[in-house]
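1. Predicted coordinates and the sequence they were generated for:
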Amino acid sequence: MGVGKSTVGRRLARRLALPFVDSDSEIEDAVGLPAGEVFERYGEQDYRDGERRLVARLVDGQVRVIATGGGVFVDPRTRALLNERTITVWLDAPIDVLAERTGRRDTRPLLKTPDPKETLQRLAEIERQAYAEAHVHVRSGDGAHKDVVDAIVREIDAHLARRSAA
Ligand SMILES: Nc1ncnc2c1ncn2[C@@H]1O[C@H](COP(=O)(O)OP(=O)(O)O)[C@@H](O)[C@H]1O
Ligand SMILES: O=C(O)C1=C[C@@H](OP(=O)(O)O)[C@@H](O)[C@H](O)C1
Ligand SMILES: [Mg+2]
């Protein structure tokens, strides 16, 4: 959360002249409520089930950039599907950066805790192993959105070169 999937993803799509989809926005449009409210009202398990069905629809062969919500790739079945059908990018940033960025808005239900930074740290430790299964790993920090887009494009190119050499 706060690493830049939604905002960097949108810019990446623009750079690659591809359509862009954000999983949280899709859920908002489908349910007619802000994603955070859907999460709180229906609970995490139902939210994950919805995300899994959504991702299954999105990997239909049309080339696009998909920004997932932070928990999507942690679900084993969704992760397997994404790794089979897409190029997956793990965007990673130091906890301090995530805490500062997510602290600007209170839209993320999982961070409505007494110590959101500690929560981010704990989630990162639990989820890291799943994220590490992504095809490429891009570290983002204090740099601008554009720098992150550049790094993603470079890493995807390198991934495709490795894949075609294999
Ligand atoms: N590289 C970056 N540089 C500066 N601000 C960023 C960067 N990436 C994201 N942000 C800001 O951090 C906040 C959270 O970004 P967002 O794209 O919503 O993250 P995510 O979808 O991963 O939760 C937004 O205000 C966004 O503009
Ligand atoms: O990590 C998570 O489980 C979540 C991340 C959020 O998306 P962002 O990562 O885009 O903030 C959103 O899907 C929901 O609040 C749950
Ligand atoms: Mg997002």
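-> Sure thing, it's come through. Ligands and ions are numbered 1, 2, ... in the order given.

2. ok, what's across the strand from Asp22?
-> On the basis of DSSP bridges, Asp22 is bridged to Ala67.

3. what's near enough to touch it?
-> 5-6, 9-10, 66-67 (C-beta atoms under 8 Å, 6 or more residues apart in numbering). C-betas here are computed from N, CA, C, even on glycine.

4. Same question for Gly2.
-> 93, 97-102, 120.

5. Buried ones among the residues you listed?
-> The neighbour-count test (16 or more other C-beta atoms under 10 Å) marks 93, 97-99, 102, 120 as buried among the contacts of Gly2.

6. Tell me where the chain has strands.
-> With DSSP state E, the ranges of strands along the chain come out as 20-22, 65-67, 89-92, 136-139.

7. Using CSV, lay out the contacts of Gly2 together with distance to ligand 2.
-> Converted to CSV, the contacts of Gly2 look like this (distance: C-beta to the nearest ligand atom, whole Å):
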residue, distance to ligand 2
Ala93, 12
Val97, 14
Leu98, 10
Ala99, 13
Glu100, 14
Arg101, 9
Thr102, 7
Leu120, 10
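
8. Ligand 1 next: which of those residues are close?
-> Among the contacts of Gly2, proximity to ligand 1 is found for Arg101 (C-beta under 6 Å from any ligand atom).

9. mind listing which of the contacts of Gly2 are in helices?
-> 97-102, 120 (DSSP state H).

10. and of these, the nearest to Asp142?
-> Asp142 has its nearest neighbour among these in Val97, at 6.7 Å by C-beta to C-beta.
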